[in-house]
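Undergrad: Attaching a predicted model along with its sequence, questions to come.
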Amino acid sequence: MKQNFLFQASNISKYYGQNIGCKNVSLDINPGEVLGIVGESGSGKSTLLNCIYGNLEVDEGDIFLNDKSKTILNFTKISEPKLRLIQRSDLAFVHQNPRDGLRMNISAGGNIGERLMAIGHRNYGEIREIAANWLEKVEIDVSRIDDKPSTFSGGMQQRLQIARNLVTRPRLIFMDEPTGGLDVSVQAKILDLLRNLVRELGIAAVIVTHDLAVVRLLADRIIVMQNGNVIEAGLCDQVLDDPQHKYSQLLVSSVLQV
Amino acid sequence: MNEMSKNENLDIQIYNFAYLDENTKRMIRRALLKALCIPGYQVPFSSREMPMPYGWGTGGIQVTSACLIPKDILKVIDQGADDTTNAVSIRKFFQKTANVAVTEKTSDASLIQTRHRIPETKLKEKQILVYQVPIPEPLRFLEPRETETRKMHALSEYGLMYVKLYEDIAKHGHIETAYAYPVKTNGNYVTDPSPIPKFDNPKMNNSPAIQLFGAGREQRIYAIPPYTNVKSLDFEDYPFEAMKANFKCSICGSSDSYLDEIIVSDDGKRSYICSDTDYCKEQTKLNSKKED
């Protein structure tokens, strides 16, 4: 095992009865690195993401996180309280639909503050100040701090969800189609924002998407999945410019050119 | 005419002491013991149908029934008053089914069943305070899934509870929650103190009396043993404040007891009186003595 990795999954398998969710997937992520997972719908991308985040129990395989104190934790062995603590401090998860990741009936400030309060912040003034800073960072007007996310546009909701997740400075962020369902110009804005934040804060990220443009822009490395298996993995530009597997070639060639 | 109907105390003959049968009482006592061992933890119990609707204090009545012994002196209050509907009907219920002595004096009572208040008179050791609880789960309106709230309690994940207080301050500039103000019991479980005004919260802390909570519809019992630390949740820069209407009682003149606001005329004239009727009587007596 390498010493300076951040996150490692080895031989992950997940079955839904007879059906394969994902099979024998291994991946590792270095600090500050962005990994893209691409593939068509139903190829097991989201299953894999939920497995390695600890949301879904894996049937086979091990997941290791090199935590802040340099201890290596195995997700499949640690207790639930410990896992949940890690999920809300070291890790973060951005859902495709912001409604799944936000509390819609709680103000924007409260949404950002929740993770802070969950790890023990008890000073209202401080929490509010941090929340305001983050709204600024994700380009939401600070005057909207007391408005509920239900009054926000789709793009704003997604940016709020990103702020809510990044506020505790996680070291690894999982994103499931973060720009799905948004129109193209908003997508571009969010990608730009993500790229800056991830680079600026040195956060590692795993991005699941079927949009090759997203990985081209954000990812350092990618893995291509089909029917629950990893069929190709490598540096982003390398895989996209010179795909080796038949399916990867199909995927790259079917991107629409304007 | 048969034997039964000749008996004067017909009701006592028909019902077991304090209405519930002995096995049911044993089941409730078992839950109570568990609740006392784990302060603030909600113990499930198999709540019975009572001869009155849910919302009338069926949880409290079952707890009282399980605790009553013949030499108990019972006091029942509803919003602090001894003479309101809920208090009167429950007191009569136990007079009928348990034939126990009743009192309005807080200091004389060995068991007090209450709806939404803690008496102003300081409670003592060997007294039991039984609360009627409508919603035992403090996280209910923040997280609707019971499976999830149980997990949150087990792992002390109480960030969400603070989100509620945060929202209060963001909206109103101060913590607006005025009743059912969440507390942390024994530094561990966040507990709903039943809808008592937050004015009463400090009385729960380190109380010499046993505090028992029964929620009939929700089938939960929880407890705060004597001399247990009970802390109201707050922020460092917005500390907890026990508050009441800033007036004097227009009957006894007390300024340190919790007041009810009453509209006394058609043009909206208001008057404030003690919500604790026993305390108000005591104060009036003290005042008239002073005048003599």
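TA: Thanks, I have the structure now.

Undergrad: Help me confirm that B:Tyr272 is found in a helix?
TA: No: counting by DSSP: H, G, I helix; E, B strand; the rest coil, B:Tyr272 is not part of a helix but strand.

Undergrad: what kind of secondary structure is the nearest residue to A:Met104 once chain neighbours are set aside in?
TA: Spatial nearest neighbour of A:Met104, excluding adjacent residues (Cβ to Cβ, 6 or more residues apart in numbering or on different chains): A:Ser150 at 5.0 Å. For the C-beta atoms, the positions are set from N, CA and C on the backbone; glycine is no exception. Three-state call for A:Ser150 (three-state DSSP): helix.

Undergrad: Please tell me how far A:Ser150 sits from chain B.
TA: 14 Å (Cβ to the nearest Cβ, to the nearest Å).

Undergrad: Please tell me how far A:Leu85 sits from B:Val190.
TA: Remark: distance between A:Leu85 and B:Val190 (Cβ to Cβ, to the nearest Å) = 18 Å.

Undergrad: Looking at these two, which is more packed in?
TA: Neighbours were counted for A:Leu85 and for B:Val190 using other Cβ atoms under 10 Å in any protein chain shown; B:Val190 has more, 22 against 16.

Undergrad: these two touch, right, the more buried one and B:His153?
TA: Yes: B:Val190 is within contact range of B:His153, at 7.2 Å (criterion: Cβ atoms under 8 Å).

Undergrad: any shared contact partners between those two?
TA: Shared contacts of B:Val190 and B:His153 (Cβ atoms under 8 Å, 6 or more residues apart in numbering or on different chains): B:Leu139.

Undergrad: list the helices and strands the lowest-mean-pLDDT helix or strand in chain A packs on?
TA: Least confident helix or strand of chain A, by mean pLDDT, DSSP states H and E, is helix A:184-201 with a mean of 85. Where contact means 3 or more Cβ pairs under 8 Å, 6 or more residues apart in numbering or on different chains; DSSP states H and E, helix A:184-201 is packed against helix A:154-166, helix A:212-218.

Undergrad: Ok, which of the ones you listed comes nearest chain B?
TA: Smallest distance to chain B across these (Cβ to the nearest Cβ): 11.5 Å, for helix A:154-166.

Undergrad: next structured bit after the closest one?
TA: Scanning forward in sequence from helix A:154-166 by DSSP states H and E, the next helix or strand is strand A:172-176.

Undergrad: What backbone torsions are found at the nearest residue to B:Pro70 once chain neighbours are set aside?
TA: Among residues not flanking B:Pro70 along the chain, B:Val100 sits closest, at 6.6 Å (Cβ to Cβ, 6+ apart). For B:Val100, the backbone dihedrals are phi -90, psi 160 (criterion: degrees, to the nearest 10).

Undergrad: tell me which element A:Ile52 is part of?
TA: helix A:45-53.

Undergrad: centre of the chain versus the helix or strand that that helix is followed by, how much separation?
TA: On the C-terminal side of helix A:45-53, the closest following helix or strand by DSSP H and E is strand A:60-66. On the basis of Cα atoms, centre = their mean, to the nearest Å, strand A:60-66 sits 17 Å off its chain's mean C-alpha point.

Undergrad: Check which residues of strand A:60-66 are buried.
TA: Within strand A:60-66, the residues that count as buried by 16 or more other Cβ atoms under 10 Å in any protein chain shown are A:61, A:63-66.

Undergrad: now stretch A:126-143
TA: A:127-128, A:130-132, A:134-135, A:137-138, A:140.

Undergrad: Could you restrict the residues you listed to the ones contacting chain B?
TA: For chain B, the contacts drawn from those by Cβ under 8 Å from any Cβ of the partner chain are A:127-128.

Undergrad: So which of the buried residues of stretch A:126-143 is the closest to chain B?
TA: A:Ile127 (6.7 Å).

Undergrad: can you list the residues of chain B near chain A?
TA: So chain B meets chain A at B:151, B:154-155, B:157, B:159-160, B:162-163, B:166-167, B:169-171, B:235-238 (Cβ under 8 Å from any Cβ).

Undergrad: Narrow these to just the buried residues.
TA: B:157, B:159-160, B:162-163, B:166-167, B:169-170, B:235, B:238.

Undergrad: Quick check: beta-bridge partners of the residue nearest to A:Pro178 when sequence neighbours are not counted?
TA: The shortest distance from A:Pro178 to any residue other than its chain neighbours is 5.2 Å, reached at A:Val94 (Cβ to Cβ, 6+ apart). Counting by DSSP bridges, A:Val94 forms beta bridges with A:Met175.

Undergrad: Wait, A:Val94 touches A:Gly180, no?
TA: No: contact criterion Cβ under 8 Å: A:Val94 and A:Gly180 do not qualify, at 11.0 Å.

Undergrad: Looking at those two, which has the bigger crowd around it?
TA: Between A:Val94 and A:Gly180, counted using other Cβ under 10 Å, the more crowded position is A:Val94 (22 against 16).

Undergrad: From A:Ile162, how far out is that one?
TA: From A:Val94 to A:Ile162 the distance is 6 Å (Cβ to Cβ).

Undergrad: Need the overlap of contacts for the two.
TA: What both A:Val94 and A:Ile162 touch, as defined by Cβ under 8 Å, 6+ apart, is the set A:Pro178.

Undergrad: Name the SS class of B:Leu165, please.
TA: B:Leu165 is classified as helix under three-state DSSP.
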